[in-house]
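>>> no sequence for this one, just the structure:
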């Protein structure tokens with residue numbers, strides 16, 4: 001079975017739609033909030049020109065999504081799949097940002113559940129790069145069972161290298177955790 005890293009995915013909370021060139025303004029309206037980026041390694045991504053570079057990288061990745069809340073159709077933010085490796089049977093999930101109005105809700109967990117469930121139909125490991133100072137994201141992904149397995153300097157598309165932690169969730173761990181919470 002072919003692994004399409006940019007399908008449309010949805011559940012009762014969110015809908016992930018493949019990112020398109022026309023989505024720039026919708027997504028920039030969310031990304032233009034400086035507080036979204038305050039713990040991120042690239043803190044100036046709220047600026048139009050910096051975000052334009054980020055958006056271009058998202059489009060070129062061919063794995064990025066614009067995310068909508070199901071009940072209101074509001075733009076929540078974005079996430080993507082990247083660096084699929086059939087040899088290690090893994091893929092990265094990341095570049096996720098969501099509007100502050102959705103922080104502390106079930107939206108991030110709903111996004112990750114959709115993305116992880118779909119990825120685990122095709123791979124054994126999901127990996128995430130999270131900035132070394134992005135404590136909010138580290139805590140959120142640890143709550144979902146991810147474990148820190150490495151530290152790497154990561155060069156974001158057209159941006160300087162930044163220290164990131166690598167988190168991992170395996171297929172077995174993900175489904176054991178899911179069945180334990182049911």
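Received the coordinates, thanks. In this text, all values refer to a predicted model and were calculated from it rather than measured experimentally.
>>> ok now the helix or strand in which residue 53 is found, how far from the chain's centre?
Assigned by DSSP states H and E, residue 53 falls within helix 48-61. Computed by C-alpha atoms, centre = their mean, to the nearest Å, the chain-centroid distance of helix 48-61 equals 15 Å.
>>> buried residues, the lowest-mean-pLDDT helix or strand in the chain. List them.
Lowest on mean pLDDT, DSSP states H and E among the helices and strands of the chain sits helix 171-180, with a mean of 83. For helix 171-180, a neighbour-count test (16 or more other C-beta atoms under 10 Å) marks 171, 174 as buried. To be clear about C-beta, it is placed using only N, CA and C from the backbone, and glycine gets the same treatment.
>>> ok, and what's touching that helix?
With C-beta atoms under 8 Å, 6 or more residues apart in numbering as the test, helix 171-180 has contacts from 116, 120, 123, 124, 125, 126, 144, 145.
>>> same thing but at 7 Å, please
Around helix 171-180, the neighbours that count as contacts under C-beta atoms under 7 Å, 6 or more residues apart in numbering are 116, 120, 124, 145.
>>> how about those in TSV, adding secondary structure and distance to residue 78?
Converted to TSV, these look like this (DSSP: H, G, I helix; E, B strand; the rest coil; distance: C-beta to C-beta, whole Å):
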residue	secondary structure	distance to residue 78
116	helix	17
120	coil	21
124	coil	26
145	coil	23
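>>> need the buried ones from the residues you listed selected in ChimeraX.
With 16+ other C-beta under 10 Å as the criterion, this ChimeraX line picks the buried residues out of the contacts of helix 171-180:
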select :116,120,145
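>>> from the contacts of helix 171-180, which has minimum pLDDT?
Within the contacts of helix 171-180, residue 145 has the lowest pLDDT, namely 90.
>>> in contact with that one, which residues?
169, 173, 174, 177.
>>> residue 132 now?
Here residue 132 is in contact with 163, 164, 165 (C-beta under 7 Å, 6+ apart).
>>> how much space is there between it and residue 161?
Distance of residue 132 to residue 161, given as C-beta to C-beta, to the nearest Å: 12 Å.
>>> so residue 153 makes contact with residue 166?
No. In this structure residue 153 lies outside contact range of residue 166 using C-beta atoms under 7 Å: 11.2 Å.
>>> more neighbours: those two, which one.
Between residue 153 and residue 166, counted using other C-beta atoms under 10 Å, residue 166 has the larger neighbour count: 17 against 9.
>>> is that one in a helix, a strand, or coil?
Classification of residue 166 by DSSP: H, G, I helix; E, B strand; the rest coil places it in strand.
>>> secondary structure element holding the nearest residue to it once chain neighbours are set aside?
Spatial nearest neighbour of residue 166, chain neighbours left out: residue 150 (3.9 Å); criterion: C-beta to C-beta, 6 or more residues apart in numbering. Assigned by DSSP H and E, residue 150 belongs to strand 147-155.
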